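> got a sequence here, can you model it:
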Amino acid sequence: MAKAARALVIGGGIGGLTAAAALHRRGWAVTALERAPSLEPVGAAISLAPNALRALDTLGLGDEIRELAAWQGEGGLRTPGGRWLAKSDPEALAARFGGPLVLLTRTTLIDRLAALLPPGTVRTATPATLTDPGDAHRPAQVAVGGEELAADLVIGADGVNSRVRQTLFPAHQGAVYAGFTTWRLLIPVPGAHFASHETWGRGRIWGTHPLKDGRVYAYAAATAPAGQRAPDDEKVELLRRYGDWHDPIPAVLAAARPADVLRHDVHHIADPLPAFHSGRVALLGDAAHAMPPTLGQGGNQAVEDAVVLAHHGADLAAYTADRLPRTTAIARQAVRTARLNMAAGRTATAVRDTAVAALAKAAPALLPRSFDGIADWRPPYPSEEEDAGQR
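Just a heads-up that it's a prediction; the model follows:
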């Protein structure tokens, strides 16, 4: 029996674990190397659109995630005073894109992905360094502690500040500051009853969404200098910025403790990489195409990357050809959306709000079209269910 090809995944986040699971299903011997002491993810929750759910279907995981997640219900876009600019229609969205938009904790998704892998596949507290990308005639090499590991394929899934990317493309500028910072909360809010919403202010946004387990996921973003932090604590900073916005925002802030608030500056890859691979090494997710979170597609695109990479296997040129044009276009759209919803000028925000409200009233079907070509994506090979139906 031929020896299984070996893959090393550097990074144990959503993209890395999806890639490990997808390669394992295709017969690869996979080891995932995570430098953190556990698989506890950075962030709080993640929204999965139909495109990512279809990718998870290829792992036999899509239906389980749909069951565990909260399906996005009625809600929409509001002003800080509470006026609705646009209402969402989840049934129309699901009909248009072939499935729902769902929300779940990142921990839940990480746990379910890790459960697809054999025991011992994931090694935590294991920093790894790419020392040689390899080529057609020799394997790639990764330094782990005091040993060198050889692999037929190495996947750099090590995030926005990827060291693997820096090794492959040392002349590239890497990720740059997007001009705004974000906060995230995942907490119980007793007595809270509300529709999901995103609220756009002047240079500030807020979103609140209920989860299936009864907790509330809230996020905020605001233009700010890179590296700036609250002089006291981040809960107080949120109260200063959002405390007088519409319900349920004050109730969410009242229920939060300072330790519940996560804050991260947003960085993105403004100048696309020349390729997503070099030698026997491929990049995926934020390591390849970090984008602003304004379309909610960062994690979704990492999941897509992973199943497409497993589909192409060692043909990394085909992987780049599949993924670089698509992710570049989506990243640019996310930047344009950030300019819109983070607009700070009084006139600019008034024009924006008027235009969104008018469009929502006159032609509500046009609003979901911004996800055409994104949420309707399908994997390059069938899911387990589709495959079974064809046999």
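
> ok, Gly75 to Pro258 distance?
28 Å (C-beta to C-beta, to the nearest Å). Just so you know, the C-beta spots here come from the backbone N, C-alpha and C atoms, and that holds for glycine as well.

> compare these two (neighbour count), which wins?
The neighbour comparison of Gly75 against Pro258 (other C-beta atoms under 10 Å) goes to Gly75, with 21 against 13.

> tell me the pLDDT at that one?
On the pLDDT scale, Gly75 is placed at 90.

> before we move on, what about the one 10 residues further on?
On the pLDDT scale, Leu85 is placed at 95.

> kindly report the same for Pro90.
pLDDT at Pro90 comes out at 87.

> please list all residues in contact with it.
Shown in contact with Pro90 (C-beta atoms under 8 Å, 6 or more residues apart in numbering): Trp71, Gln72, Gly73, Glu74, Pro100, Leu101.

> so Ala306 touches His24, yeah?
No - with contact defined as C-beta atoms under 8 Å, Ala306 does not count as touching His24 (11.4 Å).

> now do the phi/psi pair for the closest residue to Asn161 other than its chain neighbours.
Nearest non-adjacent residue to Asn161, counting by C-beta to C-beta, 6 or more residues apart in numbering: Ala175, 6.6 Å away. Dihedral pair for Ala175: phi -80, psi 140, per degrees, to the nearest 10.

> in the stretch 1-150 of the chain, which spans are strands?
Remark: strands assigned in the stretch 1-150 of the chain by DSSP state E, counting those that start in this stretch are 6-10, 29-33, 45-48, 70-71, 75-78, 84-88, 102-105, 122-123, 128-132, 140-144, 147-151.

> and the first one, how far out from the chain's middle?
Put simply, strand 6-10 sits 21 Å off its chain's centre (C-alpha atoms, centre = their mean, to the nearest Å).

> now do stretch 44-51, average pLDDT.
In this model, stretch 44-51 has a mean pLDDT of 96.

> just stretch 215-231 next, same as before
For stretch 215-231, mean pLDDT is 96.

> now do stretch 350-359
94.

> okay, and the helix or strand of the chain with the least pLDDT?
helix 384-390 (a mean of 44; mean pLDDT, DSSP states H and E).

> need the CA coordinates for stretch 367-379. PDB is fine.
What follows is stretch 367-379, C-alpha atoms only, in PDB (Å, rounded to 0.1, in the frame of the first residue of the first chain):
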ATOM      1  CA  LEU A 367     -30.300  45.000  -1.200                       C
ATOM      2  CA  PRO A 368     -29.500  41.300  -1.100                       C
ATOM      3  CA  ARG A 369     -27.900  41.500  -4.500                       C
ATOM      4  CA  SER A 370     -24.700  42.800  -2.900                       C
ATOM      5  CA  PHE A 371     -24.100  39.100  -2.000                       C
ATOM      6  CA  ASP A 372     -24.600  37.800  -5.500                       C
ATOM      7  CA  GLY A 373     -21.500  35.900  -6.500                       C
ATOM      8  CA  ILE A 374     -20.600  35.500  -2.800                       C
ATOM      9  CA  ALA A 375     -23.300  33.600  -0.900                       C
ATOM     10  CA  ASP A 376     -24.300  31.600  -4.000                       C
ATOM     11  CA  TRP A 377     -20.900  30.000  -4.400                       C
ATOM     12  CA  ARG A 378     -20.700  26.200  -4.500                       C
ATOM     13  CA  PRO A 379     -17.800  23.800  -3.900                       C
END
